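Peer 1: My questions concern the predicted model and sequence given below.
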Amino acid sequence: MAEPAEHEHIVSKKIYITVFLVLWALTLITTLVAFLDLGPLNTPVALLIAGIKMMLVVLFFMHLRYSGRLSQTIAIAGLFWFLIFVTFTIGDYLTRPWPS
Amino acid sequence: MSHSEITTPTSHLQAHFQTMEQQRETSVVGMWTFLATEVMFFGGLFIAYMVYRLAHYAAFAAASKELNVTIGAINTAVLIASSLTMAMSVHEAQEGRRKLVIIFVILTLIFGLTFLGLKGYEWYDHISKHEAPGPSFHIEPDKVRGDARSMELFFGFYFVMTGLHALHMIIGVGLVSWVLYQAWRREISAHYHNPVESVGLYWHFVDIIWIYLFPLLYLVDRHP
Amino acid sequence: MEPKEHYLNVNYGIRSWLLTTDHKRIALLYMMSITLMFFIGGAFATMIRLELMTPAGDLVTSDTYNKLFTMHGIVMVFFFLIPSVPAVIGNFLVPLMIGAKDLAFPKVNLLSWYLYTTGAIITLYNIIIGGVDTGWTFYPPFSSNYSNTYVVGAIVGIFVAGFSSILTGLNFVVTIHSMRAPGMQWRKLPLFLWSNYAAAVIMLLGTPVVAITLLLVAIERAFHIGIFDPNLGGDPVLFQHMFWFYSHPAVYIMILPGMGVISEVVACFSRKRVFGYSFVAAASIAIAVYGFLVWGHHMFVAGISVYSALIFSILSYLVAIPSAIKVFNWTATMYRGAISYKTPMLYAFGFIGLFTMGGLTGLFVAALGVDVHVTDTYFVVAHFHYIMVGGMVMAYIGGLHFWWPKMTGRMYPEAWAKLSALIIFLGFNLTFFPQFLLGYLGMPRRYHAYAPEFQVLNVMSSAGASILAVGYVLPLIYLLWSLRYGKIAGPNPWGATGLEWQTTSPPPTHNFEETPIVTEEPYAYDKFPEVEIVA
């Protein structure tokens, strides 16, 4: 077993397995919750759960929690730009007075 | 670089880099940058889907019910498992344990191919039920909510979104196979495992796309 | 004075070029492909201006005319303007300017060129077998349902070329972050790098969106599903949102690298530091970010909500500010500088004047009320040609002249170059100024027949175009001539600051004999020894 290179953080197997189990649990939850009638909240709840799953994968499986500033900035930038696109586009549709 | 040569910590250092650390950083940053572009690529598609789902909710909800939730959920679980094995293979590469790297990479491939197999079955099923958009599209009148044309649009998005995702999975399977080949040929070590790390990032990203696709497509409106 | 071995003669043979990973050779490969595409796009422009000499649509049919302006747009936008400065000048200079041996991903760089060339071949093939007539903007439902031309083929060509752009952007961003020589901090980077970095960010975040948008058009066309076609339940305005989300920032991809060239040229030929360096650097980033917030100004009359239009209008005014800051700073740089009127500086003067006019007229169209009147008229055509041709193309040609000695080891003939610059400037203004008037008076764009009262201005415009064409052909001739007969340049014929001038002309394959260590501020012209400019 060789020494790892410098500046590299090795995430423990325990964390990986914990994250994996949480992801499976959240998958089960989101599937079951879909069968409940939460009215207009169904979609936001589903997206929220998906968002949590995404954060877990990004932070732990993709090591972003332990990565340099640059990688973190790039990941946030991608998300931020997507949000610009969504906001301004959907914003147009939602502010039209006439029926769509 | 044949596997009979003795590898040193810097035997994989490319000429235009100063240190292995610089090379590693660069490959990780390069992959994150590429993934940011993929966010925008899929993002455009997601936005188009969102706009139409808002406009034709009833039709989209009814069409979504035709998707097989069980297979969708199982596939989600399979992909998450593949992300676990991929992360494990990076861990083992960092520790320099070649045999375990190979085992975890093979498991990742198995899970990935399982996903593609199940997805292929779903597609076959939808196509034989005339749910693929185009001239042969047909929905039973009693299943139609909203209008049939909007339900066809849902299926159009279903096939394009899962198709694009599947294409990325296939590319991922190719990349992971290449990592397997590298590990087999002893090119991967504790000093040099950039391929495992960067392919890993790509693989997890494709998993994240599915993490969103599953609720957006399969779970629109499942309550009785 | 020319070094014995350098990147051009280190090995010979077509394989050494087609399989090179040397960023300098790749830059030259791009130069050849891009020059070819420029003249093809110019050929379409020639046909357009010939048709518009007379009010009647008598040279070509309206269908053919539609193809002419479409293909002029596609070739010029996607195959010339977007790649030109980054892929030719940027590829050559980015590693040199930061003191590196190559870009971060040299093989990806070569792949980028192959993707560009493949995309160009596919697009040219589709042009030859019949062309496209949808406008470079591909608006559905015409593009997805009614057009009888090679829409999908053209889309595939553009899609492939888009990946070339993304990979170049990726290489630049990662390189500038990770490969700087010791001492080359961000605040010491030449402004050319700040501009190209900003443009690269736009390439990365914008291009994928046009890729998916065009893909959806192709799918709609192939499978007849209503993504954008209202007859099938789709929304054509959604296409416009998605298309312009990229295509507006795309114009900043085009202009930012050009602005970077101007910063370098103005500093060198004023023998002064760039005034307000940090403001110019920050303005580049501001343009890149802000440029993503204004796309709706292409859609004011498309049916978007009034509130949406108001916000896009205000933001479009704001986005002019960083560009204006740059113009003020270049001017302030020249104030009390020791100006020399070499060819690159002449192009810089042209850029500053014409870009400013183009930019100001952009504010005209950003105003909602005015835009309703001039949208889809020649006013808009003149506006963007002032920026793209008066600005961007001048910057590209000026940059080629400035760095020609570095790339080739030869000086171009100064007198011919000055003459060409003058011809281009005069030809350009004669071509495009009348178009502002035409547009304001009501002549619509993309029409091959027009009301007779517009003829005089159109003839002026076409006359200008023929002069402009001469101006563009001359450099092609004398730059090629200079490769064999030009004066040997030496490492720093202009007495310019910057790491690229610290190595030989042409540079060796690995750029520097020893990795440079940077201690100087950028544009340290006040500390520069008195130099006699060789040219």
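Peer 2: Okay, I see it. Numbering: from 1, shown residues only, chains lettered A, B, ... in the order given.
Peer 1: show me where pLDDT drops low in chain B?
Peer 2: Judged against pLDDT under 70, the low-scoring parts of chain B cover residues B:1-7.
Peer 1: So which bits of it are right by chain C?
Peer 2: Proximity of chain B to chain C, by CB under 8 Å from any CB of the partner chain, involves residues B:15-18, B:22, B:25-26, B:29-30, B:33-34, B:36-38, B:40-45, B:47-48, B:51-52, B:55-56, B:133-135, B:147, B:149-150, B:152-153, B:156, B:160. For every residue, glycine as well, the C-beta is placed using N, CA and C.
Peer 1: Likewise for chain A?
Peer 2: Taking CB under 8 Å from any CB as the contact definition, chain A meets chain C at A:70, A:77-78, A:81, A:84-85, A:88-89, A:91-93, A:95-97.
Peer 1: Same list, the residues of chain B next to chain C, but only the ones touching chain A.
Peer 2: Applying CB under 8 Å from any CB to the residues of chain B next to chain C, those adjacent to chain A are B:25, B:29, B:33, B:36, B:37, B:40, B:43, B:44, B:47, B:51, B:55.
Peer 1: Contact partners for the spatially closest residue to the first one that is not a sequence neighbour?
Peer 2: On the basis of CB to CB, 6 or more residues apart in numbering or on different chains, the spatially nearest residue to residue B:25 that is not a chain neighbour turns out to be residue C:178, at 6.0 Å. With contacts defined as CB atoms under 8 Å, 6 or more residues apart in numbering or on different chains, the neighbours of residue C:178 are B:22, B:25, B:26, B:29, C:104.
Peer 1: Now the buried members of those residues.
Peer 2: Using 16 or more other CB atoms under 10 Å in any protein chain shown as the burial test, the contacts of residue C:178 include B:22, B:25, B:26, B:29, C:104 as buried.
Peer 1: In this structure the fourth one contacts residue C:177, no?
Peer 2: Yes. When contacts are counted by CB atoms under 8 Å, residue B:29 is listed as touching residue C:177 (6.4 Å).
Peer 1: anything in contact with each of the two?
Peer 2: When contacts are counted by CB under 8 Å, 6+ apart, residue B:29 and residue C:177 have residue A:70 as shared neighbours.
Peer 1: rewinding a little: need the ones next to chain A among the residues of chain B next to chain C in JSON lines (columns: secondary structure).
Peer 2: Rendered in JSON lines, the data for these read as follows (DSSP: H, G, I helix; E, B strand; the rest coil):
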{"residue": "B:25", "secondary structure": "helix"}
{"residue": "B:29", "secondary structure": "helix"}
{"residue": "B:33", "secondary structure": "helix"}
{"residue": "B:36", "secondary structure": "helix"}
{"residue": "B:37", "secondary structure": "helix"}
{"residue": "B:40", "secondary structure": "helix"}
{"residue": "B:43", "secondary structure": "helix"}
{"residue": "B:44", "secondary structure": "helix"}
{"residue": "B:47", "secondary structure": "helix"}
{"residue": "B:51", "secondary structure": "helix"}
{"residue": "B:55", "secondary structure": "helix"}
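Peer 1: secondary structure element for the nearest residue to residue B:214 once chain neighbours are set aside?
Peer 2: Spatial nearest neighbour of residue B:214, chain neighbours left out: residue B:76 (4.9 Å); criterion: CB to CB, 6+ apart. Element membership of residue B:76 [criterion: DSSP states H and E] is helix B:69-95.
Peer 1: From residue C:402, how far out is the residue nearest to residue B:214?
Peer 2: Remark: distance between residue B:76 and residue C:402 (CB to CB, to the nearest Å) = 56 Å.
Peer 1: the more surrounded of those two?
Peer 2: Taking residue B:76 and residue C:402 together and counting by other CB atoms under 10 Å in any protein chain shown, residue B:76 has the greater number of neighbours (26 against 23).
Peer 1: Would you mind listing what in chain C touches chain B?
Peer 2: Among all residues of chain C, those adjacent to chain B (criterion: CB under 8 Å from any CB) are C:100-106, C:166, C:170, C:173-174, C:177-179, C:204-209, C:211-213, C:216, C:219, C:223-227, C:232-235, C:238, C:242, C:245, C:510, C:515.
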